[in-house]
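Trainee: Structure, please.
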Amino acid sequence: MQAKTIAAGEADDAQRRELLEAFCRAVEERGLAATTIADIVRHARVSKRTFYEHFADKEACFFAAYRAIAGEVMRQVATAVNFEASWEAQIEAAVRTYVTALDSRPKLTRAFFLEIHAAGARAIALRREVLTEFAELTRGFVAQARKRQPELVPLTAAMATAMVGGINELMLLKAERHMKSVDLAETAVALCKALVAPARAR
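Mentor: Numbering: from 1, shown residues only. This is a model prediction of the structure:
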């Protein structure tokens, strides 16, 4: 009985993940505002009834997808950083991993960064919450690096938020002006290094 319950739970989790991926594909196809539940279930190849077994509405699905993607990007960034490396190498790894992850699905990134502003107060609050989490992750990296190199400038919460927000704006600029990923990454890395570099290195 317990094995069946576990199997059923795993199946539910798998179906939920499929619906989140279907939501993302629909947004890439039609944009965030235009995406409907009909689009989501079409991509997932399930019924609307199945959708409502997992999400109350499109907004709930959007929030879950936004959270899931943010969590995956943070996991990738955290995994990429080697705390035994130099602080410059740590910044290079974190920033390039972040940019690469966002650039892997540019239409989705643009929708989540830009269209979210028109998705209502709850969506904007979620964006701010996730931005804060990324900023705190960044502060943690710098704090860890300072254990070996205390001359590095500590990041305040405001500066970390500005750093992450600046990189996000570069991602939007890339989409609008067709910047090359390598140029964007170089700019983002230079920005982050400048913020934490020891005074004598500036």
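
Trainee: going forward, measure contacts between C-alpha atoms and count neighbours the same way
Mentor: Noted.

Trainee: Look up how far Ala14 lies from Ala44.
Mentor: The gap separating Ala44 from Ala14 is 11 Å, by CA to CA, to the nearest Å.

Trainee: any idea which element the most centrally placed residue in the chain lies in?
Mentor: Central residue check for the chain by CA atoms, centre = their mean: the C-alpha nearest the mean position is that of Ala70, 3.4 Å away. In this structure, Ala70 is located in helix 58-80 according to DSSP states H and E.

Trainee: Check which helices and strands that helix is in contact with.
Mentor: Under the contact criterion of 3 or more CA pairs under 8 Å, 6 or more residues apart in numbering; DSSP states H and E, the helices and strands touching helix 58-80 comprise helix 2-30, helix 87-103, helix 121-146.

Trainee: Go again with 7 Å.
Mentor: Applying 3 or more CA pairs under 7 Å, 6 or more residues apart in numbering; DSSP states H and E, we find helix 58-80 packed against helix 87-103.

Trainee: Quick check: closest non-adjacent residue to Ile167.
Mentor: The shortest distance from Ile167 to any residue other than its chain neighbours is 5.9 Å, reached at Ala188 (CA to CA, 6 or more residues apart in numbering).

Trainee: Mind listing what's buried along the helix or strand where the one you found lies?
Mentor: Assigned by DSSP H and E, Ala188 belongs to helix 181-196. Going by neighbour count (16 or more other CA atoms under 10 Å), the buried part of helix 181-196 is 184-185, 188-189, 192-193, 195-196.

Trainee: Now do the same for the nearest residue to Arg139 once chain neighbours are set aside: helix, strand or coil?
Mentor: If the residues on either side of it in the chain are set aside, Arg139 comes closest to Leu155, at 5.7 Å by CA to CA, 6+ apart. On the three-state scheme (DSSP: H, G, I helix; E, B strand; the rest coil), Leu155 is labelled coil.

Trainee: which residues does Leu155 contact?
Mentor: With CA atoms under 7 Å, 6 or more residues apart in numbering as the criterion, the residues that contact Leu155 are 139, 142, 196.

Trainee: could you dump the residues you listed to JSON lines with pLDDT?
Mentor: Putting the contacts of Leu155 into JSON lines (pLDDT from 0 to 100) gives the following:
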{"residue": "Arg139", "pLDDT": "95"}
{"residue": "Val142", "pLDDT": "94"}
{"residue": "Val196", "pLDDT": "92"}
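
Trainee: Right, I'll call it a day here.
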